[in-house]
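Enquirer: I would like to see how this sequence folds:
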Amino acid sequence: MKRKFNPKDIQIGLKLPTLLAPLSSIFIRMAFLVDYIYTPLFKIFEVIGRSKRLQNVGFLPETNSIRLKEVLIELEDGGKLATDIYLPKELYKKKGSGPTILVRLPYWKDRLSILGYFIASKGYVAVIQDIRGCGRSSEYGTNSLYMYERQDGLETLRWITRRFWYNKKIGMWGLSYLGITQLAVSWDNDNLLTCLNPIHSSYSNVFWHPRGLYPVGLSGAIYLIMISTMKKLTTMDFDQWDRNGYYKQLFFNPSNSFFNEPIDSKKPKLSDMASFDNPKYSMKMINRVYKTDVNVSRMDDGSFTKLIKEMFYKRNIFHNYDLSPYAFGLNYEFNTPTLFIGGWYDMFIEHMMRDVMLIQKNAPDFFREKFKMIIGPWSHINMDKFLLKPLKYSHLKDDFRFLQKILPFWWYDCCLKGEQSLLSEIPPLQIYILNKDIWRAFYKWPPTSTDLKLYLHSDGKSNSLNGNGFLSKNKPKEEPPDQYLFDPSNPVITKGGRNLFLLSGPQDQTDIERGDDVLIFTTSVLEKGLEIIGEVKIIFYASTTVEDTDFMVKLVDVYPNNKKSINVIDSGVRTRYRNGNLDEPELVNPNKIYKFEIVIGSIAIYFPKNHKIRLEITSSNFPRFDVNSNLAGKKNKKKFQIATQTIYHDKNHPSHIIIPVFNGKENK
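Expert: Predicted structure coming up:
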């Protein structure tokens, strides 16, 4: 079947149903009024907590707490950070000491006042701070676009050491950007920190792709987030956040994201910014390159808005560097116990797993003794499940687990109140197995497994669900190749997966698989279940009629009787970056066969008996990734050209996927 691209088929995950949309404004406004409603709320929870049934529920406050008047922490360069302090009431009265949990965020600290009260009710001092240029700090500086997170975080930690309650125990907490601010101070921190808990965040640059693809949908989401940090928004309506509609161009208009860089592109490189060891010089370079005048020590004059437009809307930067700006200078000299929390459908997870392997390699003692990680079945902050279908839960148990995991007071009680020697008894990795509803513990990543090679086969007609493509353990002999047309103006859409704001998580791919521009290869019905843990890889042979194009691959779980096909992991390759060196692109020769080797992704999933394993191959996945124009840096009137793509699977070109089958041993 010939598909027709329809932007209405692209769904935003972070969106309330129309009937409930007005409630978002009410909920957001209520967050700013917690000071007035906390006392009666605490009394209610206090009464509830007396019930014997609920005494073990960790989400009930344990002691009364108070909030001090906002403090402005003055930085060395003259900027100021608006900071709130919440203390247990008795500790404040006695001017006693106690452990601190620091939270640094760009999303208006006043919205998290309920969190501050709650942390203090558990016997901790909570310090919640708007980062430079954001929220209530926006009057005293400009957002540094990650560059000053390390410097500002360390200055804040030193400030805490001079407070009356300081007892030499400081931890940090937070999800997403709140995790980023932790990672920025996680090494060489003069032992100012006792523990960290970064959730859904990574050292590795989430915009960096090992084969050169660009996550254009994520770019639109980050653009929206950066705008929201400067405004006191009271709605979840993105049209109110971005009145210029730039995010719509990134989410819904494939021609806006056509990739057509010259092979000798002069686009600014992230690696150039990483060459400086001082954020001051990095900001000077940014201002010079983008002709802006961002002064991080003064209130923004409009330069930051111009900068984020260049960075995220125009995408005028090449992410050829694998570390994020807040991790520039990372040397893996860690000493602070760290609990990572990730989700298999989070857009950070692949980069988090890369971090795990690098920490395991470069800091093996730290990994064994002080590094812990929990990976659940969640998308980014689980936000799409809370807001997309709030009245229709299919995995309520998973959502409750998420709430339990993201505020791990057992971790803080162990590190800040108890004995850290107990940490060595906890395995480094606790991983949820999708489709099996069990957790496994591991002492290394990836765990020991056996490679299962599944080879691509067809009679040359594997196009769509109506094709004859299949996967088997048998190596191919003489088989005709498969072909499809890749029209950049008619891309295959993203439906679920590892996204931000776009529809995320496991979604049915059946509609996508009806298109003739998607090749389908499926196993026969599984006679017994198969548990896969680790990196899934693919080696395939392909040619194209153009000099530069993309190939996309997706692993899918097909339910009995083909009831539905659920996305598991996906990735791809831009042919000019097929060798993995982003600084040395090389065009392909039209119609020449090339070998491609890529990692599709890391995962832990069980394929039950009577399910099938499926591989999809196509050339676009929009708006998860930008769309290749196929022009290889040249120009034409249409701004794209149609390519004929050929996938080979014969004796000389044995295309196959490599699946790590878990052997059942949770290795030490």
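Enquirer: need the contact list for residue 162.
Expert: Listed by C-beta atoms under 8 Å, 6 or more residues apart in numbering, the contact set of residue 162 is empty. Placement of C-beta: from N, CA and C, glycine included.
Enquirer: In this protein, where is pLDDT below threshold?
Expert: By pLDDT under 70, the weakly predicted segments of the chain are 14-60, 233-235, 383-401, 666-668.
Enquirer: change it to 50
Expert: 19-20, 27, 386-394 (pLDDT under 50).
Enquirer: and it, what are its domains?
Expert: 32-171, 216-325, 448-662 (automatic domain parsing).
Enquirer: can you count the residues close to residue 265?
Expert: 12 (other C-beta atoms under 10 Å).
Enquirer: Count residues in the vicinity of the closest residue to it other than its chain neighbours, would you?
Expert: Excluding its sequence neighbours, the residue lying closest to residue 265 (C-beta to C-beta, 6 or more residues apart in numbering) is residue 318, at 6.9 Å. Look at residue 318: counted by other C-beta under 10 Å, it has 20 neighbours.
Enquirer: repeat for residue 484
Expert: Neighbour tally, residue 484, other C-beta under 10 Å: 21.
Enquirer: Is it within a helix or a strand, and which one?
Expert: strand 482-486 (DSSP states H and E).
Enquirer: So which elements touch the helix or strand following that strand?
Expert: For strand 482-486, the following helix or strand on the C-terminal side (DSSP H and E) is strand 519-522. With contacts defined as 3 or more C-beta pairs under 8 Å, 6 or more residues apart in numbering; DSSP states H and E, strand 519-522 has these neighbours: strand 470-472, strand 612-618.
Enquirer: could you redo the domains of the chain as a markdown table and give each row distance to residue 414?
Expert: As requested, these are exported to a markdown table (distance: least, C-beta to C-beta, whole Å):
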| stretch | distance to residue 414 |
| --- | --- |
| domain 32-171 | 10 |
| domain 216-325 | 28 |
| domain 448-662 | 25 |
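Enquirer: can you tell which of those domains is closest to residue 182?
Expert: For the domains of the chain, proximity to residue 182 was assessed by C-beta to C-beta; domain 32-171 is nearest, at 7.9 Å.
Enquirer: Residue 493 contacts residue 515, doesn't it?
Expert: No: Residue 493 is not in contact with residue 515 according to C-beta atoms under 8 Å; the separation is 9.8 Å.
Enquirer: Backbone dihedrals for residue 210, both of them.
Expert: phi -60, psi -20 (degrees, to the nearest 10).
Enquirer: my read: it touches residue 601, true?
Expert: No: taking contact to mean C-beta under 8 Å, the distance of 11.3 Å between residue 210 and residue 601 leaves them out of contact.
Enquirer: Settle it for me: which of those two has more neighbours?
Expert: The neighbour count for residue 210 versus residue 601, taken as other C-beta under 10 Å, is higher for residue 601 (21 against 16).
Enquirer: That one: what's it in contact with?
Expert: Neighbouring residues of residue 601 by C-beta under 8 Å, 6+ apart: 350, 535, 536, 555, 568, 569, 570, 571.
Enquirer: Recalculate using a threshold of 7 Å.
Expert: 350, 536, 569, 570, 571 (C-beta atoms under 7 Å, 6 or more residues apart in numbering).
Enquirer: separation between residue 219 and residue 298?
Expert: The gap separating residue 219 from residue 298 is 27 Å, by C-beta to C-beta, to the nearest Å.
Enquirer: Please apply the same query to residue 97.
Expert: Applying C-beta to C-beta to residue 97 and residue 298 gives a distance of 36 Å.
Enquirer: what does residue 646 give?
Expert: Residue 646 sits 57 Å away from residue 298, going by C-beta to C-beta.
Enquirer: Of the helices and strands packed on strand 519-522, which is nearest residue 422?
Expert: Closest to residue 422 of the helices and strands packed on strand 519-522, according to C-beta to C-beta: strand 612-618, at 40.7 Å.
Enquirer: okay, the closest one in PDB with CA atoms only?
Expert: Taking C-alpha atoms only, strand 612-618 is exported to PDB below (Å, rounded to 0.1, in the frame of the first residue of the first chain):
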ATOM      1  CA  LYS A 612       7.100 -13.400  16.900                       C
ATOM      2  CA  ILE A 613      10.200 -11.200  16.500                       C
ATOM      3  CA  ARG A 614      10.000  -8.700  13.700                       C
ATOM      4  CA  LEU A 615      12.500  -6.400  12.000                       C
ATOM      5  CA  GLU A 616      11.400  -3.300  10.100                       C
ATOM      6  CA  ILE A 617      13.700  -1.500   7.600                       C
ATOM      7  CA  THR A 618      12.900   1.800   6.000                       C
END
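Enquirer: Partner strands of it, with direction?
Expert: strand 519-522 (antiparallel), strand 550-558 (antiparallel) (DSSP bridges).
Enquirer: between the following helix or strand past it and strand 482-486, how many degrees?
Expert: Sequence order places strand 643-648 as the next helix or strand after strand 612-618, per DSSP H and E. Comparing the axes of strand 643-648 and strand 482-486 via axes from the mean of the first three to the mean of the last three C-alpha atoms, to 10 degrees yields an angle of 160 degrees.
Enquirer: So which elements touch strand 643-648?
Expert: Applying 3 or more C-beta pairs under 7 Å, 6 or more residues apart in numbering; DSSP states H and E, one finds that strand 643-648 makes contact with strand 482-486, strand 530-544.
Enquirer: ok so, going back, of all the domains of the chain, which lies closest to residue 375?
Expert: Of these, the one closest to residue 375 (C-beta to C-beta) turns out to be domain 448-662, at 7.2 Å.
Enquirer: thinking again about what came up before, how about the helices and strands packed on strand 643-648 in JSON lines, adding distance to residue 561?
Expert: Putting the helices and strands packed on strand 643-648 into JSON lines (distance: least, C-beta to C-beta, whole Å) gives the following:
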{"stretch": "strand 482-486", "distance to residue 561": "25"}
{"stretch": "strand 530-544", "distance to residue 561": "19"}
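Enquirer: To residue 114, which of those lies closest?
Expert: Closest approach to residue 114 among these (C-beta to C-beta): strand 530-544, 37.6 Å.
Enquirer: partner strands of the closest one, parallel or antiparallel?
Expert: Here, using DSSP bridges, strand 530-544 pairs with strand 594-607 (antiparallel), strand 643-648 (antiparallel), strand 656-662 (antiparallel).
Enquirer: For the first one, could you pull out the residues that count as buried?
Expert: Same thing as strand 594-607. 594, 596, 598, 599, 600, 601, 602, 603, 604, 605, 606, 607 (16 or more other C-beta atoms under 10 Å).
Enquirer: Likewise for stretch 252-260?
Expert: Residues 252, 254, 256, 257, 258, 259, 260 are the ones in stretch 252-260 that count as buried (16+ other C-beta under 10 Å).
Enquirer: Contacts only, for the last one.
Expert: Contacts were defined as C-beta under 7 Å, 6+ apart; by that measure residue 260 touches 629, 631, 633.
Enquirer: what helices or strands is whichever strand or helix holds residue 339 leaning on?
Expert: Element membership for residue 339, per DSSP H and E: strand 338-345. On a contact count with 3+ C-beta pairs under 7 Å, 6+ apart, strand 338-345 meets helix 349-362, strand 371-379.
Enquirer: okay, the angle between the longest one and strand 594-607?
Expert: So that's helix 349-362. Using the same axes, to 10 degrees: helix 349-362 against strand 594-607 is 100 degrees.
Enquirer: Against which helices or strands is helix 349-362 packed?
Expert: Looks like helix 349-362 contacts strand 338-345, helix 364-370, strand 594-607 (3+ C-beta pairs under 7 Å, 6+ apart).
Enquirer: ok so, going back, could I get the helices and strands packed on strand 519-522 in JSON lines, plus columns for distance to residue 560 and mean neighbour count?
Expert: Converted to JSON lines, these look like this (distance: least, C-beta to C-beta, whole Å; neighbours: other C-beta atoms under 10 Å):
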{"stretch": "strand 470-472", "distance to residue 560": "17", "mean neighbour count": "19"}
{"stretch": "strand 612-618", "distance to residue 560": "9", "mean neighbour count": "24"}
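Enquirer: Same list (the ones you listed) but as TSV, adding distance to residue 114.
Expert: Shown next, in TSV, are these (distance: least, C-beta to C-beta, whole Å):
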stretch	distance to residue 114
strand 470-472	50
strand 612-618	43
